[in-house]
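Novice: My questions concern the predicted model and sequence given below.
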Amino acid sequence: MQRPSKIFVTGANGFIGRSLMRRFREQGVAVCGVDLVADQAWNVIAGNVASAGSWQSQAKGCELVIHTAAVVSNSAPAELYRNVSVGSVRHVINAAIKAEAHRVVHLSSIAAYGLNFSHDRVETDAISLLSGYPYCDAKAASEHAALAAHAAGEMACTIIRPGDVYGPGSRPWVLIPLSMMRKNQFFLPALGRGIFSPVYIDNLLDGIEAAALSPAAGAGQIYNITDGTQPTCREFFAHHWQWLGRKGTPPMLPNMLASPVVAMGAWLLNDVLKQNSEISVGSLAMLKRQAGYSIVKAQHQLGYQPKINLSQGMELTESWLKAEKQI
């Protein structure tokens, strides 16, 4: 499809959603969206995508709809995953159909593959099912409505499975780890040897844009979008540790010790102290992954090539943190 004159973004106040709106606005595209809190400066109305409502009419006149709204947590209640991450997809598609949009881009996650595998995942590999990790299962289930709508000819849909998205403003992989490190609550399982699959936010935007605007390859397809590198968790989080003025790397534990430590910490913080911490078995499993994700399909079909490497991405993130007085 040609570059749209107007787009609609869900989760428009979030890290990825706002980054997308900024990218398209800089290209002269009109932007609008929905989030739980309105933002008039960005033409964002208040609405809950977990339910059908007046927010759906905000998509009127938009050729492209990008669905980023989801629960980004490893410790949320199961009902919240069902209502928001899974249930919202059909509501967004209905809004796109009524608006006569040309395409919906649904942001899933590499978590849709689950967390227990020994070889790099490709788009045709099995996805997560009853894995015991609600975030992963919800991401996998969220894809069904988009694929069903595409198969039925209701709406052209494209699914993006982003890697571990970091960069200025990233909550899961920048702000939360820093906060936990300051509280001495952060450590790495598997002695820090777990595989991390970063994607710098600008690289992700490049991949989303390529998939959204591809005239044929993108529609009905699923794409992994990462930086194409596989640093260890020790290598990735050493940056955060050093941003705080500390030497070396974060504390590391073997798996046999990490599991009981996390179980105790999750119980104490989440159940006893009611702090809603991200300390959970799901977060632990993410840091123990043994392999990564192939981006060959996106490279071949979309011409996707990550432009910002890990060193550059970390420098840009550090500069933002300093400017925001976060470090």
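Specialist: Yep, it's here.

Novice: Quickly note the distance from residue 182 to residue 176.
Specialist: 11 Å (CB to CB, to the nearest Å). Bear in mind the C-beta positions are built from the backbone N, C-alpha and C, glycine included.

Novice: Correction: the previous question concerned residue 82.
Specialist: 23 Å.

Novice: cool, and residue 250?
Specialist: Taking CB to CB, one finds residue 250 at 13 Å from residue 176.

Novice: same question, residue 28
Specialist: Distance from residue 28 to residue 176, by CB to CB: 35 Å.

Novice: for residue 159, same thing?
Specialist: Counting by CB to CB - residue 159 and residue 176 are separated by 26 Å.

Novice: out of these two, which sits in the busier spot?
Specialist: Neighbour count, other CB atoms under 10 Å: between residue 159 and residue 176, residue 159 has more, with 23 against 17.

Novice: which residues of the chain fall in helices?
Specialist: 15-26, 78-80, 88-99, 134-151, 176-182, 201-213, 233-243, 255-266, 281-286, 296-302, 310-323 (DSSP state H).

Novice: Could you check the angle the longest one makes with helix 88-99?
Specialist: Inter-element angle recorded for helix 134-151 and helix 88-99: 30 degrees (by axes from the mean of the first three to the mean of the last three CA atoms, to 10 degrees).

Novice: Give the buried residues for helix 134-151.
Specialist: For helix 134-151, burial by neighbour count (16 or more other CB atoms under 10 Å) applies to 134-143, 145-146, 149-150.

Novice: Now tabulate the residues you listed in a markdown table and tack on pLDDT and distance to residue 289.
Specialist: A markdown table is the format used below for the buried residues of helix 134-151 (pLDDT from 0 to 100; distance: CB to CB, whole Å):
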| residue | pLDDT | distance to residue 289 |
| --- | --- | --- |
| 134 | 90 | 17 |
| 135 | 91 | 14 |
| 136 | 93 | 11 |
| 137 | 93 | 16 |
| 138 | 94 | 18 |
| 139 | 95 | 15 |
| 140 | 96 | 16 |
| 141 | 96 | 21 |
| 142 | 97 | 20 |
| 143 | 97 | 20 |
| 145 | 96 | 27 |
| 146 | 97 | 25 |
| 149 | 97 | 31 |
| 150 | 97 | 29 |
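
Novice: Make TSV out of these and add distance to residue 116.
Specialist: Below are those laid out as TSV (distance: CB to CB, whole Å):
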residue	distance to residue 116
134	15
135	14
136	10
137	13
138	17
139	15
140	13
141	18
142	20
143	19
145	25
146	25
149	30
150	29
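
Novice: which one of the helices of the chain lies closest to residue 111?
Specialist: helix 134-151 (4.5 Å; CB to CB).

Novice: quick one: the strands in the stretch 51-200 of the chain?
Specialist: 64-67, 103-107, 157-162, 164-166, 198-200 (DSSP state E, counting those that start in this stretch).

Novice: Could you measure from the nearest residue to residue 180 once chain neighbours are set aside over to residue 7?
Specialist: Closest residue to residue 180 apart from its sequence neighbours, by CB to CB, 6 or more residues apart in numbering: residue 186 at 3.9 Å. From residue 186 over to residue 7 the distance is 37 Å, taken as CB to CB.
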